[in-house]
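1. Let's see this in three dimensions:
(chains A and B)
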Amino acid sequence: MSSPPAEQTRPLPEGGAERAIRSAPRLGRPKWAAKTKRNGSFRLRRKGAFGFLAPWLLGLLGLTALPMFASLYLSFTDYDLLTSPTWVGIDNYTRMFTEDARYLKSLRVTLFYVGVSVPLKLTAALAAAMLLRRTARGVGFYRALFYLPSILGSSVAIAMLWRQIFGTNGLVNQFGGMLGIDEVSWISHPDYAIWVLIALSVWQFGTPMVIFLAGLTQIPEDLYEAADVDGASRLRKFWHVTLPILSPVILFNLIFQIIISFRSFTPAAIISGGTGGPVDSTLLYTLYLYKRGFTQFDMGYASAMAWILLALIAAATTLAFKVTNRFVFYMGDG
Amino acid sequence: MKIRPNRRLQAAVGRMLRLVAASVVMVMVLTACGGDTGSDGADADIASAPSESSISEPSAEPSIAEPAVTKPASADSPPASENGSEASQAEAAGELQVAWQGPQERHEVTNAALDVYREQHPGVTLDAQFADESAYWQRLATVAGGGNLPDVFQQHVSYISDYATRETLYDLHQLPEGVLDTGSVPEPLLQIGEFDGQLFGIPNGLTAHSLHVDSEVLADAGMTVPEWGYTWDDFEAFLEELVTNLPEGMYGSQDFGGHDSPLMNFLRGRDKLLYTPDGQLGASEEDIRDWFTMWQRFREKDLVPPCDVTSASGFGVETAPISQGLAPIEYRAANQLESAASQLGKDLELMSFPSDNGEPPMYAIPTGFWSISSDAEDPALAGQLINFLINDPAAGEELGLNRGMPPSREVLDSLDLSAEEQEMIDYITRVIEQGDEAEQARPAGAGAFEDVLARAYEGFCFGQLDLDQAVDQFFTEANEALGL
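-> Residues are numbered from 1 along each chain as shown, chains lettered A, B, ... in the order given. From the prediction side, this is the model:
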């Protein structure tokens, strides 16, 4: 994380850089403070602390950390779930990128899905938050209403509903027919199927919306009044006041939604019936991982895919941080 | 000399460590949280989720109904049978886990049959686990990985090789004398469950591929089902004539070019097998080309529906062309005639497959196998149960024709059959009597093969791949799946 912009413009105090460094806050314990006595009561408190932490710690180690490392080990093996794994080194990783056309297709599909659905989702969330930030009567009802899809959205039931709605005889075609739109099976056409998934993702803009709402309420009113005095139009107020102050929230939502999107599985699986859609048009990364691991008995390969996904998400997150750093303004500084 | 600590460096390292720690914690928390809602694992097992794209034959295509694989309710291995493994028929005692897959009706009839067994053998506790097509195979794979396979479970010709070659199945030849009577099953079919002389599964029902025809629509068009032994050219001519006599907007037949069973029949009409006995691909490039171009021609002449319609309808009974009123002919296994007819409320009849050499290419196939897990506590008891299910007329009475034609003649004779059921039996019997060599169990890796044809076919159909690319993709992926 690079330093906030304000630091770069602070002038150095007298005495130059050395004096600044020496007078900077020290890390660790100040000299005049007593060392913590490691006596009996300390030990008891420490035991107590560990005692309370133990259940969570066991869960973290046993259910999260251990499987993660097991999966790391398995990614270097050939494991078919039924017999013992055999070591193959980085074979799985090389196969992924050199021999597996389907893998590259799933990567393309996933990147497209993330790249389109996240901006759309955030735009919708911000727009809705802007509209709902007033305190008029009934606005709470609408906030809850818009938030509802994101609670239900990732479930199997909703995905099946969408499959029905966008299917050949679904609602969309029935109403679309009345409006003169061609009746296509939206989920079975390679050009349109991915957009059904994207629509499902964007429909769940409730969570980022609520976070934006919280961020919007933090903007001091006097900034807007100052802008009014200067004669700013609504658009300029938005661009010059709202967005900059909201930028940390936007960054947070961006990172969060990127991570969620990369991990999306249920909609792709249900809407395509587990096949990845016509001509693999909805073969998201996680879906392909699942197929490889559980239907093709290729667990080692699937584990390798999982770790590459982790690397991918980390890269995307870092990229997001780096790229938006120039635009993010933390209100506490300078 | 004491080196002065570099505060800037320390601060920078501290910042970076905090950043890494924060990222790791964030990733782990988000991983554990599972997204906006309980998207992973919170959903209950959907036992009857519609698997619309699964093929109608007790299928080779697991379409995913639920992503979170839950272990079966009693996942602990059954406790050792207390009375030892040499119980006689009447004194059999112990605990068995039985599992199978299929539609709801199958669960009902199988449970009824198991109830009869429970009455006959009060000392035996049966724990029945069942699921629909899609959920079953995913669950089975995971459960197998955990070493918790049920004692008796249903296998399928597409998957039995995967399990047999990985030492998860018990050799039925090892059962004590007299426990399991395999004589009721025709020899060529019994051999399908054999690998290197070891018998890993015994067929529990027989069927054959067929085309289901909507009798009423055909009669309205003034045509009748062709006799056995016609060619693909005859089929094309038949469809052409059919389409002219059908109302506007109807096609002649379902487009079943993307399904591997019709392809297998096509190849048999050319005296080839899709999977040779030594696990190779028996189809040549020219065969696949011919297959793809033939269906393209059908589509161009409007004999079969266009790509997206076919892709949307799949092969399930409720979504396929007959039920949608799109076409009167569709591909399905013969044993499903009666259930499909009652589900759709239509009159259906059976039509044979065309072939290039003019001889009916169909062959008898097991709808499923009963297998015993290699971890079973009491294989003899398990074998006894299987013997009951296959050879006992009391079981046959409950099971009926749900899994196809019962292999045992005795059971078959004891059943009262409706007209449609009799038609089914006649068809299957005729296929068996033709004596064609039964197709071997799909080789290990057939699970990976499941949609290789479908994807290459769809790619070509939608125009995303040209013919050469589609054929190329098919062979590359098929060979990869078979480990060649």
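
2. What residue in the stretch 301-450 of chain B comes nearest to chain A?
-> Closest contact between the stretch 301-450 of chain B and chain A, by Cβ to the nearest Cβ, is at B:Ala312 (3.5 Å). Glycine gets a C-beta too; all of them are placed from N, C-alpha and C.

3. Show the subsequent helix or strand relative to the host helix or strand of that residue.
-> Using DSSP states H and E, B:Ala312 sits within helix B:307-313. Downstream of helix B:307-313, the next assigned helix or strand under DSSP H and E is helix B:321-324.

4. Now that next one - C-alpha only, PDB.
-> C-alpha atoms of helix B:321-324 as PDB (Å, rounded to 0.1, in the frame of the first residue of the first chain):
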ATOM      1  CA  PRO B 321     -39.400 -32.300 -29.100                       C
ATOM      2  CA  ILE B 322     -42.300 -34.700 -28.700                       C
ATOM      3  CA  SER B 323     -43.600 -33.000 -25.500                       C
ATOM      4  CA  GLN B 324     -43.000 -29.600 -27.000                       C
END
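
5. I'd like the next helix or strand past it.
-> Scanning onward from helix B:321-324 (DSSP H and E), the first element met is strand B:329-333.

6. would you list every one of the strands in the stretch 1-150 of chain A?
-> Secondary structure of the stretch 1-150 of chain A by DSSP state E, counting those that start in this stretch: the strands cover A:77-78, A:86-87.

7. so does the first one get close to chain B?
-> This means strand A:77-78. No: counting by Cβ under 8 Å from any Cβ of the partner chain, chain B has no neighbours in strand A:77-78; the shortest distance is 11.3 Å.

8. Please work out which residues outside stretch B:400-408 touch it.
-> B:58, B:102, B:105-106, B:109-110, B:184-186, B:189, B:203-207, B:333-335, B:338-339, B:366-368, B:390-391, B:396, B:399, B:412, B:415, B:417, B:421, B:424-425, B:428-429 (Cβ atoms under 8 Å, 6 or more residues apart in numbering or on different chains).

9. Pull it out as PDB, backbone CA atoms only.
-> Provided in PDB are the C-alpha atoms of stretch B:400-408 (Å, rounded to 0.1, in the frame of the first residue of the first chain):
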ATOM      1  CA  GLY B 400     -41.600 -54.100 -12.600                       C
ATOM      2  CA  LEU B 401     -40.000 -52.800 -15.800                       C
ATOM      3  CA  ASN B 402     -38.600 -49.700 -14.200                       C
ATOM      4  CA  ARG B 403     -35.100 -50.700 -14.900                       C
ATOM      5  CA  GLY B 404     -35.900 -52.200 -18.300                       C
ATOM      6  CA  MET B 405     -36.400 -55.900 -19.100                       C
ATOM      7  CA  PRO B 406     -35.600 -58.100 -16.100                       C
ATOM      8  CA  PRO B 407     -32.600 -60.300 -17.000                       C
ATOM      9  CA  SER B 408     -34.200 -63.300 -15.300                       C
END
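
10. now it: mean pLDDT?
-> For stretch B:400-408, mean pLDDT rounds to 86.

11. Distance-wise, check B:Thr319 relative to A:Gly48.
-> 61 Å (Cβ to Cβ, to the nearest Å).

12. and what of A:His189?
-> From A:His189 across to A:Gly48, the span is 62 Å (Cβ to Cβ).

13. what does B:Tyr136 give?
-> Distance from B:Tyr136 to A:Gly48, by Cβ to Cβ: 49 Å.

14. swap in A:Pro119?
-> With Cβ to Cβ as the criterion, A:Pro119 and A:Gly48 are 48 Å apart.

15. ok, now B:Ser339?
-> Distance, B:Ser339 to A:Gly48, by Cβ to Cβ: 65 Å.

16. that older thread, how about the CA coordinates for the helix holding B:Ala312, as PDB?
-> The C-alpha trace of helix B:307-313 is given here as PDB (Å, rounded to 0.1, in the frame of the first residue of the first chain):
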ATOM      1  CA  CYS B 307     -29.200 -25.400 -33.000                       C
ATOM      2  CA  ASP B 308     -30.500 -23.200 -30.300                       C
ATOM      3  CA  VAL B 309     -33.800 -25.000 -30.100                       C
ATOM      4  CA  THR B 310     -32.100 -28.400 -29.800                       C
ATOM      5  CA  SER B 311     -29.600 -27.000 -27.200                       C
ATOM      6  CA  ALA B 312     -32.500 -25.700 -25.200                       C
ATOM      7  CA  SER B 313     -34.600 -28.800 -25.300                       C
END
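
17. about what we covered before: so A:Pro119 and A:Gly48 - more neighbours on which side?
-> A:Pro119 (13 against 10; other Cβ atoms under 10 Å in any protein chain shown).

18. Just the pLDDT for that one.
-> pLDDT, A:Pro119: 96.

19. what's the spacing between it and B:Asp290?
-> 47 Å.

20. what's the answer for B:Gly404, then?
-> Per Cβ to Cβ, B:Gly404 is found 31 Å from B:Asp290.

21. Same drill for the two, tell me which one is more crowded.
-> Neighbours around B:Gly404 and B:Asp290, counted as other Cβ under 10 Å, are more numerous at B:Gly404. The numbers are 26 against 15.

22. Was I right to think B:Thr125 contacts B:Gln97?
-> No: contact criterion Cβ atoms under 8 Å: B:Thr125 and B:Gln97 do not qualify, at 9.6 Å.

23. of the two, who's got more company?
-> More neighbours surround B:Gln97 than the other of B:Thr125 and B:Gln97, with 25 against 15 (other Cβ under 10 Å).

24. Quick one: neighbours of whichever residue of chain A sits closest to chain B, just the number.
-> Per Cβ to the nearest Cβ, A:Gly274 is where chain A lies closest to chain B, at 2.8 Å. A:Gly274: 26 surrounding residues under other Cβ under 10 Å.

25. now swap in B:Met250 and tell me
-> B:Met250 has 18 nearby residues by other Cβ under 10 Å.

26. contacting residues around it?
-> Contacts of B:Met250 (Cβ under 8 Å, 6+ apart): B:217, B:243, B:325-328.

27. moving C-terminal of the lowest-mean-pLDDT helix or strand in chain B, what's the next helix or strand?
-> In chain B, no helix or strand scores lower on mean pLDDT, DSSP states H and E than helix B:446-449, which sits at a mean of 63. Heading C-terminal from helix B:446-449, the first helix or strand you meet, by DSSP H and E, is helix B:452-461.

28. pLDDT (mean, whole number) over that next one?
-> For helix B:452-461, the mean per-residue pLDDT is 90.

29. moving C-terminal of that helix, what's the next helix or strand?
-> Using DSSP H and E, the helix or strand that follows helix B:452-461 towards the C-terminus is helix B:467-481.

30. mean confidence for that following helix?
-> 89.

31. Taking helix B:452-461 as reference, get the angle to that helix.
-> In terms of direction (axes from the mean of the first three to the mean of the last three Cα atoms, to 10 degrees), helix B:467-481 departs from helix B:452-461 by 160 degrees.

32. Buried residues, helix B:467-481. List them.
-> Neighbour counts using 16 or more other Cβ atoms under 10 Å in any protein chain shown place B:470-471, B:473-475, B:477-478, B:480-481 of helix B:467-481 among the buried residues.

33. can you tell me which of those residues are up against chain A?
-> B:473, B:477, B:480-481.

34. Which pair of the residues you listed spans the longest distance?
-> Using Cβ to Cβ, these reach their maximum pairwise distance at B:Gln473 and B:Ala481, which is 12.0 Å.

35. those strands in chain B, which residues are they?
-> B:94-101, B:124-131, B:152-155, B:194-195, B:198-199, B:202-214, B:329-333, B:348-351, B:364-372 (DSSP state E).

36. In the stretch 1-150 of chain B, where is pLDDT below threshold?
-> Scanning the stretch 1-150 of chain B for pLDDT under 70 picks out B:1-2, B:20, B:22-92.

37. can you pull out the helices in it?
-> For the stretch 1-150 of chain B, the helices defined by DSSP state H, counting those that start in this stretch occupy B:7-33, B:104-120, B:133-145.
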